[in-house]
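Trainee: The following block contains a protein sequence and its predicted model.
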Amino acid sequence: MTMAFTIAVKSSVAHRGRTALSLIAIALSVAFVAGTLIFTDTANATFDRLFRATAADITVSPSDQGATTSQRQSGVRPQTLPEKLVQRIAANPGVRTAQGEVSVQDVAIVNPATNKSIGPTEGAPSIAGNWYIRPNSALKITDGKAPRGPSQALLDADTAHRARLKTGAPLRIITTTGTHNIIISGIASFTSTNPGAALVLFDTPTAQTHLLGQIGVYTSVVAFGNGTRTNDQLKSQIAAELDNSHQVRTAAETIAENKAGFGDYLRFLKYAMLGFSGISLLVGGFLIVNTYLMLVGQRTREIGLLRAIGIDRTKIHYSVLTEALIMSLVGSALGVAAGYLLAMGLIELMGTLGMHFDSTHLTLRWTVPLTAAAVGAATTIAAAWLPAHRASTVSPIEALREHQAPMQGATRQVRTAVGICVSAIGTTLLITSAEASALHTSGILLGLGIPLTLIAMVMLAPILVTAVIRTVGAALPILFGVPGRLSQRNALRNPRRTGTTAAALMTCLALVTSASVITSSMVISATRQIEQAVGADYLVTSRNGIITPAILKAIRSTPELAHISEERQLAARIITAKGEVIHRRINAVTSNYRHNINVRTRAGDFNAAVTEGISLDENFANVHHLKVGDALQVALEGASPHLIRLRAITAEDGGLYKNRGFIGMATAQQLVPEGRMPFVNQVLASAADPERSTQAYSALQASLVDFPQMRVLNQLDYKTLIKSQVGQLFHIIYGLLGLSVIVGALGVMNTLTLSVIERAREIGLLRAVGLQRHQILGMIQIESLIITLLGAVLGGGLGIIWGIAGQRVLRAEGLRQLAVPSESLVEMLLSATLIGLLAALTPALRASKVNILTAITGRP
């Protein structure tokens, strides 16, 4: 091992220029992994600090408010606790103090000067509550004073800074009880990191009247112990005094529940980004394989001399792997440093999406460098294993020859045969996935078919390269003369090398193309659904999820509108005749809902369902063996169950009302107590005069001018919004794949650089017989274009196949229309051309500057 290590170190130092690009590829691939881990660790630590800083020893809340924010449907009225409960809890032994807390998230904070909401529009919520002194307060007043009276409130420092507001500035707070004009009495700063929420805090009586509509009630009660009892003991004795309509939680339970909702989101983000990291590592693996195969080929004389002086095959094998290990460790160290910077960039990106973290508190756990080193080493050594094996099998006599032996015919035939078999299996899986009826089954088949077809394309790449370049490349001599002919022959000289280099770009571009097909299909499918299912001219929604009575009044008072229908989301408990208990959401809609939404039914009458019954979707009905006319026990919003007949079963052919149940608004109001009925979350309307729809649209916007949190969309706006949202998703995917594309471009640059070194004597001879510098430059650039365009064509074709299969699999989820975006394919080809030209720049300049005499003599 000492000999292998010595050889590896000296080889790395001697060929440091040749392996620099491989180091960069490893560093970039590892950076993605390290950056993802650092970012998610930082986000978890941020929320952990915040929740620990704000959690009381004991928290008592109404039982239906024990769920996390992400688990509650929008528009639900907060349940309250009476003021006397504070005194009851405070009287318990071991309790130092107990306080009532008011906290709601259904407010809009408006700057009167601009008539714009200053709270976050995405991500974090806008929270309103009461200001009181507590032992572990996460806020402290840094400017001004505490609020007193109905016209004052505190504003958090981050929101004040973003909106450029100071103490004494006016604010307009829109709540469920009305619109309240207040003055900022003070600015409060978080003692820990604020992840992006906007906070406005009143004194307790004002918070109760403005936010809850009555004095003497709270949304929760918090208690702090005096140290004589544990939190679990306090919980037990307080819970013993209360009935099951209350939920009692310790600080640990509160922290865990608060983190649960965010944890799911962060876990999804983490694993999604690690998936893209894996793609980058795969592409980097292609680069490393190519690099080491070429280095081994170029060092055959060196290896032969080592074998001739007694170094056995095992040591040669381990010397190559040791060199790869050294490179992986160095690249991983660079990758961790780059990952740190990437994590900072991700934090800034999340800030634009409304989720703010403090980049000065980046969390770098000891596991991150170890994970990065393990990933980098595993990838590099796995990629270098084949070149190391090939180096160890070269005999001294063969190694001392001037040429590198090409791939043996038998090896090529075996590779081709295996590639064809794998391709057949992968293609069959893709076709089967497209035809499967069950989403779970088709998803598994698709997940198996995609990697198998990718592996097949990589294995068959040398054969495809030869066929394509011989056919299409025949035009190169006509178009570019001698440089074109030489480029074609150079690309065909080693089809495996050309194919492997093209495969790296092919992988990235195939994923980009398939994502483009899926997102384009999402847009056109949603557009068709809107055209077919939405009869309303206008859709009115709120950014905070609720439409208050004052807003409803403004909408109804717009004379240019007709067929105004409302929608509320209700939590329902359904009990079938067989005794099955199912929890799901039901939409309560007004009787004229059918005028605005074309709800197709498989059985029954939808109008009857929203008049005196209920409708359920066909999937739900099939799973629970329900049919029209069945009697169901339905409990809405925790009320007592009532007998309701199933009057309609809706079709599952539209994403707009997929997996939805409907009940009439009048029926829901009879079954749900007034204080528990959720607020309206969506309003649909049409123009009274279709020929004056533009005027009606303007009138509706004017009616809601005092409510900037509202969003009024006509059908064109709705389609544009969907296109924009899907476009953002595609650009995020494209950005995450961008790093892999960079690694693929480095692979092209690395291959060409090593090829120029390998062909130095040949280039010198070409110069000697009259080939000009610009022709050498053009030759290398055309070679690069051949590789990148080949990767783009193969990747585009493979990506289209994946995208079509994915669209077929997702038909049941609403992706009923297929769209292959020709503009994106053209952009991809242009991008591949640009990548080819840029990747060839350094190798081409190096080739054009080769000294003729030095190259011919073979001296360094």
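Mentor: Happy to help now that I have it. Residues are numbered from 1 along each chain as shown.

Trainee: For burial, what's the neighbour tally of the nearest residue to residue 659 once chain neighbours are set aside?
Mentor: Excluding the flanking residues, the one nearest residue 659 by CB to CB, 6 or more residues apart in numbering is residue 617, at 5.5 Å. C-beta coordinates here come from the backbone N, C-alpha and C atoms, glycine included. Here the number of neighbours of residue 617 (other CB atoms under 10 Å) works out to 21.

Trainee: among the helices and strands of this structure, which has the poorest mean pLDDT?
Mentor: helix 2-14 (a mean of 57; mean pLDDT, DSSP states H and E).

Trainee: after that one, next one along is what?
Mentor: Remark: after helix 2-14, the chain's next helix or strand is helix 16-54, criterion DSSP states H and E.

Trainee: Would you mark the buried spots in that next one?
Mentor: Of the residues in helix 16-54, those with enough neighbours to count as buried (16 or more other CB atoms under 10 Å) are 18-19, 21-52, 54.

Trainee: Starting from whichever helix or strand comes after that helix, tell me which strands it pairs with and how they run.
Mentor: Beyond helix 16-54 in the direction of the C-terminus, DSSP H and E gives the next helix or strand as strand 58-62. The strands that strand 58-62 pairs with in its sheet are strand 220-225 (antiparallel), strand 246-250 (antiparallel) (by DSSP bridges).

Trainee: Out of these, the one nearest residue 331 is which?
Mentor: If you check each of the strands paired with strand 58-62 against residue 331 by CB to CB, strand 246-250 wins as the nearest, at 46.7 Å.

Trainee: and the next element down the chain from the closest one?
Mentor: Counting by DSSP H and E, the element after strand 246-250 in chain order, helix or strand, is helix 251-298.

Trainee: Kindly calculate the angle that that following helix makes with helix 16-54.
Mentor: With axes from the mean of the first three to the mean of the last three CA atoms, to 10 degrees applied, the angle from helix 251-298 to helix 16-54 works out at 180 degrees.

Trainee: Which other helices and strands does helix 251-298 contact?
Mentor: If you count contacts as 3 or more CB pairs under 8 Å, 6 or more residues apart in numbering; DSSP states H and E, helix 251-298 packs onto helix 16-54, strand 58-62, helix 313-352, helix 367-392, helix 495-533, helix 715-758.

Trainee: Select, out of the ones you listed, the one closest to residue 692.
Mentor: helix 715-758 (15.8 Å).

Trainee: residues of the very next helix or strand once past the closest one that come out buried?
Mentor: Proceeding N to C from helix 715-758, the next assigned helix or strand is helix 760-768, under DSSP H and E. By neighbour count with 16+ other CB under 10 Å, helix 760-768 contains the buried residues 760, 763, 764, 766, 767.

Trainee: for stretch 258-269, same thing?
Mentor: Along stretch 258-269, the positions that meet the burial threshold by neighbour count (16+ other CB under 10 Å) are 258, 259, 261, 262, 266, 269.

Trainee: Mind telling me the two of the residues you listed farthest from one another?
Mentor: Going by CB to CB, the two entries of those that are most distant from one another are 258 and 269, at 17.7 Å.

Trainee: distance of residue 46 from residue 774?
Mentor: In this structure, residue 46 and residue 774 are separated by 56 Å, where distance is defined by CB to CB, to the nearest Å.

Trainee: for residue 164, same thing?
Mentor: With distances defined as CB to CB, the gap from residue 164 to residue 774 amounts to 57 Å.

Trainee: And for residue 837?
Mentor: Using CB to CB, we find residue 837 at a distance of 15 Å from residue 774.

Trainee: If I follow the layout properly, residue 701 ends up in contact with residue 713?
Mentor: No: because the distance of 10.4 Å does not satisfy CB atoms under 8 Å, residue 701 is recorded as not touching residue 713.

Trainee: neighbour-wise, which of these two wins?
Mentor: Neighbours per residue, other CB under 10 Å: of residue 701 and residue 713, the larger number sits with residue 713, 17 against 14.

Trainee: Which strand residues bridge the more buried one?
Mentor: Note on residue 713: beta-bridge partners residue 539, judged by DSSP bridges.

Trainee: show me the contacts for it.
Mentor: Taking CB atoms under 8 Å, 6 or more residues apart in numbering as the criterion, residue 713 is in contact with 538, 539, 540, 541, 721.

Trainee: Can you say which of the residues you listed are buried?
Mentor: Judged by neighbour count, with buriedness set by 16+ other CB under 10 Å, the buried members of the contacts of residue 713 are 538, 539, 540, 541.

Trainee: of all the residues you listed, which two lie farthest apart?
Mentor: Across the buried ones among the contacts of residue 713, the two members that end up farthest from each other (CB to CB) are 538 and 541, 10.6 Å apart.

Trainee: Name the nearest residue to residue 776, sequence neighbours excluded.
Mentor: Closest residue to residue 776 in three dimensions, ignoring its sequence neighbours and counting by CB to CB, 6+ apart: residue 848, at 4.6 Å.

Trainee: Would you check that that neighbour makes contact with residue 773?
Mentor: Yes: the pair formed by residue 848 and residue 773 meets the contact definition of CB under 8 Å, at 4.3 Å.

Trainee: Among those two, which residue is more densely surrounded?
Mentor: Neighbour comparison, residue 848 and residue 773: the larger count goes to residue 848, with 20 against 14 (by other CB under 10 Å).

Trainee: need the contact list for that one.
Mentor: Here residue 848 is in contact with 773, 774, 776, 777, 780 (CB under 8 Å, 6+ apart).

Trainee: Which single one of those residues is nearest to residue 743?
Mentor: residue 780 (20.5 Å).

Trainee: Neighbours of residue 140, how many?
Mentor: 10.

Trainee: Neighbours of residue 600, how many?
Mentor: Using other CB under 10 Å as the criterion, residue 600 is surrounded by 13 other residues.

Trainee: Spatially nearest residue to it, not counting backbone neighbours?
Mentor: residue 651 (4.2 Å).

Trainee: so how far is residue 560 from that neighbour?
Mentor: Noted for residue 651: a distance of 33 Å to residue 560, by CB to CB.

Trainee: Looking at the two, which is more packed in?
Mentor: In terms of neighbours (other CB under 10 Å), residue 560 is the more surrounded of residue 651 and residue 560; the figures are 18 against 14.

Trainee: Poorly predicted segments of the stretch 751-860 of the chain, please.
Mentor: In the predicted model of the stretch 751-860 of the chain, residues 853-860 satisfy pLDDT under 70.

Trainee: How about the contacts made by the residue at minimal distance from the centre of the chain?
Mentor: When the chain is reduced to its mean C-alpha position, the nearest residue by CA atoms, centre = their mean turns out to be residue 269, at 5.7 Å. Under the criterion of CB under 8 Å, 6+ apart, the contact list for residue 269 reads residue 40.

Trainee: Residue numbering should commence at 109 henceforth.
Mentor: New numbering, starting at 109: the last item is residue 377.

Trainee: Relative to residue 147, how far out is it?
Mentor: If you measure residue 377 against residue 147 using CB to CB, the figure is 8 Å.

Trainee: what do you get for residue 244?
Mentor: Taking CB to CB as the measure, residue 244 and residue 147 are separated by 27 Å.

Trainee: same deal with residue 365?
Mentor: The value you get for residue 365 to residue 147, if CB to CB is used, is 24 Å.

Trainee: My guess is residue 688 contacts residue 732. True?
Mentor: Yes: using CB under 8 Å, residue 688 is in contact with residue 732, at 6.1 Å.

Trainee: So which bits of stretch 337-352 are buried?
Mentor: Neighbour-count burial for stretch 337-352 [16+ other CB under 10 Å]: 337, 339, 342, 343, 346, 347, 350.

Trainee: which residues are contacting that stretch?
Mentor: Judged by CB under 8 Å, 6+ apart, the contacts made with stretch 337-352 from elsewhere in the structure are 165-166, 168, 171, 196-197, 200-203, 331, 333, 354, 356-360.
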